[in-house]
Every structure is written in structure tokens, then in C-alpha cells.
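Asker: Predicted structure and sequence below. I'll ask about it afterward.
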Amino acid sequence: MTGTTRTNRVLLLLVVAFVVAAGVLFVLDDRAEPASQATDYSQIVAAAEEEMTAFLTMDHTRFDELSARVLEGATGTFEQEYTAALDSLRKTAVDEKWVADPTIDSIGISSADADSATVFVSAGTVETFESAGDDPKQRPWRIKLEMVNENGRWLVSDVGYVS
């Protein structure tokens, strides 16, 4: 066997070893990613959608039920501010016979780890209220949510409006 043939065989073996190693690492990398990460993202999105649907839904005849649903998914600053605004919000809802039906258009996770997430929500509502007459109003919403994982539940801790 000549030196060139031996070098070619060694190079071929190295290439084969590299391809096998790359394949093994690729498979192991897929397995190394915790299955909970995919679950966490879907849980974050589901919790954000549920909370924003509750938050944007209004029906003056079911105000207490709907506001209780919002509070179920709230914590921290958001829970405090929403609770503080409830009496005023109830009065406006009842006085105006306010009804709002939301549609969640899209939800995107900006950042997330095991304990917190920043989420952006694009939504719209069709609203009717007495002072607006019979013409339903469409309102777009762009909302930034700060979420925290408390005891395995994703809750909204802060809400901001994005222009």
C-alpha cells in the first residue's frame, strides 16, 4: 500500500467518523432538549390567550363572572390594578350597557424561561355601548404581557399597551 492510498483511507475513515459523530450529536441534541420546553411555550401561549380573552370580553349582564375570570389569571401589579379599577369598570359597563367580543389574532413570545415570559398579543374587539348608538365599534389591541410561572401556572403580572 502506498503512502497516498494509506492517507486516503485514513481521511475516508475520518470523514465517516465525523459524519457518524455529527449524526449522533444531532440525535442526542434533539433528545437533550427538555420536552417541557415545548410544553412550557404552549402553556404560556394558552395562558396568554385565555387571560386576554377574559380581559377583553365585556358583557354588562355578566360583569362579576367575567371579572372573576380575569382575576383567575392575574397576579402582581396587574391583579392589583385590575382589582382597584373594578368598581369604576363595573359602573361604566352597566351604565353604558357595554358588550365587547374579542378575537385573538396572534400571540408571540418575545422571551421566556422557566419562571417568566414576555408575550405580545394582537387582538381586536367588536364593541357596543349605549352612548355609541347602534353602530358596533371595532377596536384593535396590541398588548404586551409580563407573565410569571407561579406553582406551575402561567399568570399575567403586568399589562402594557403597544402603539
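Answerer: Arrived safely, thanks for sending.
Asker: What ranges in this protein fall below the confidence cut-off?
Answerer: The model of the chain has pLDDT under 70 over residues 1-39.
Asker: That one: strands as residue ranges?
Answerer: With DSSP state E, the ranges of strands along the chain come out as 58-59, 99-112, 116-128, 137-150, 153-161.
Asker: Dump these into TSV; add distance to Thr75 as well.
Answerer: C-betas here are computed from N, CA, C, even on glycine. Listed next are the strands of the chain as TSV, based on distance: least, Cβ to Cβ, whole Å:
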stretch	distance to Thr75
strand 58-59	22
strand 99-112	16
strand 116-128	11
strand 137-150	6
strand 153-161	4
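Asker: how about those, which one is nearest Phe78?
Answerer: Closest to Phe78 of the strands of the chain is strand 153-161 (Cβ to Cβ; 5.1 Å).
Asker: helices or strands up against that closest one?
Answerer: Applying 3 or more Cβ pairs under 8 Å, 6 or more residues apart in numbering; DSSP states H and E, one finds that strand 153-161 makes contact with helix 35-56, helix 76-96, strand 137-150.
Asker: And the strands of the chain: which comes nearest Ala68?
Answerer: Among these, strand 58-59 comes nearest to Ala68, with 12.9 Å by Cβ to Cβ.
Asker: Who are the packing partners of that closest one?
Answerer: Other helices and strands packing on strand 58-59, by 3+ Cβ pairs under 8 Å, 6+ apart, are strand 99-112.
Asker: okay, now Thr83: neighbour count?
Answerer: Using other Cβ atoms under 10 Å, Thr83 has 13 other residues around it.
Asker: quick one on the thing from earlier: what's the closest of the helices and strands packed on strand 153-161 to Ile107?
Answerer: With Cβ to Cβ, the closest approach to Ile107 among the helices and strands packed on strand 153-161 belongs to helix 35-56: 5.2 Å.
Asker: Please name the residues that touch the closest residue to Ile143 other than its chain neighbours.
Answerer: Setting aside the residues directly before and after it, Ile143 is nearest to Val121 in space (Cβ to Cβ, 6 or more residues apart in numbering), at 4.5 Å. Listed by Cβ atoms under 8 Å, 6 or more residues apart in numbering, the contact partners of Val121 are Ala48, Glu49, Met52, Ile104, Ser106, Ile107, Trp141, Arg142, Ile143, Lys144, Leu145.
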